[in-house]
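**Student:** using only what follows, build the 3D model:
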Amino acid sequence: MDLHLSAPFTIDTWDAVPDPAPAEPGGPATGRVVLVKTYDGEDLTGSATGHALTTQGERGASYVAQERITGALAGRRGSFVLEHGAEMGEGVTTTQWARVVAGSGTAALAGITGSGTVAHELLTLDVVLPD
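**Tutor:** Okay, here's the model as predicted:
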């Protein structure tokens, strides 16, 4: 089954822990985040817990994250791990991406694959679910 989904989410927890300040002046700040989300869309409902690594400076920023989403996708219950990130900055085209981690699906979501984007509290994903 192929499915294109747009799943809104809310960020329930965003606990950021900054890394020590960079040794060189002008270096970007880095940090780690523990996150909790709630998905409440037509095709995806459930919750997620995960971690992100962030970099933010005057001339650019990026993040990479992994979260385990547990709930129902197109009526199938289980979980999968979503990896996503973004990059933006001076002289760099802004990029956003998301993908299902291979082999991470459980229960009725075993074998799930997919890719898309995460932006502005919306997951957009093209997924393939085994028959």
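**Student:** in the sheet, who's paired with the residue positioned nearest the centre of the chain?
**Tutor:** Taking Cα atoms, centre = their mean, the centroid of the chain lies closest to His84, which sits 4.1 Å from it. Note on His84: beta-bridge partners Ala65, Ala98, judged by DSSP bridges.
**Student:** show me what contacts Pro8?
**Tutor:** Contacts for Pro8 (Cβ atoms under 8 Å, 6 or more residues apart in numbering) come out as 39-41, 121-123. All C-beta spots, glycine's among them, are computed from the backbone N, C-alpha and C.
**Student:** if we go to 10 Å?
**Tutor:** Shown in contact with Pro8 (Cβ atoms under 10 Å, 6 or more residues apart in numbering): 38-42, 44, 120-123.
**Student:** what's the answer for Ala110, then?
**Tutor:** Here Ala110 is in contact with 76, 78-80, 103-104, 129-130 (Cβ under 10 Å, 6+ apart).
**Student:** sorry, back to before: among the contacts of Pro8, name the ones in strands.
**Tutor:** Counting by DSSP state E, the contacts of Pro8 place 38-40, 44, 122-123 in strands.
**Student:** just the buried ones from those, in ChimeraX syntax?
**Tutor:** Those of the ones in strands among the contacts of Pro8 that count as buried under 16 or more other Cβ atoms under 10 Å are selected in ChimeraX with:
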select :39,44,123
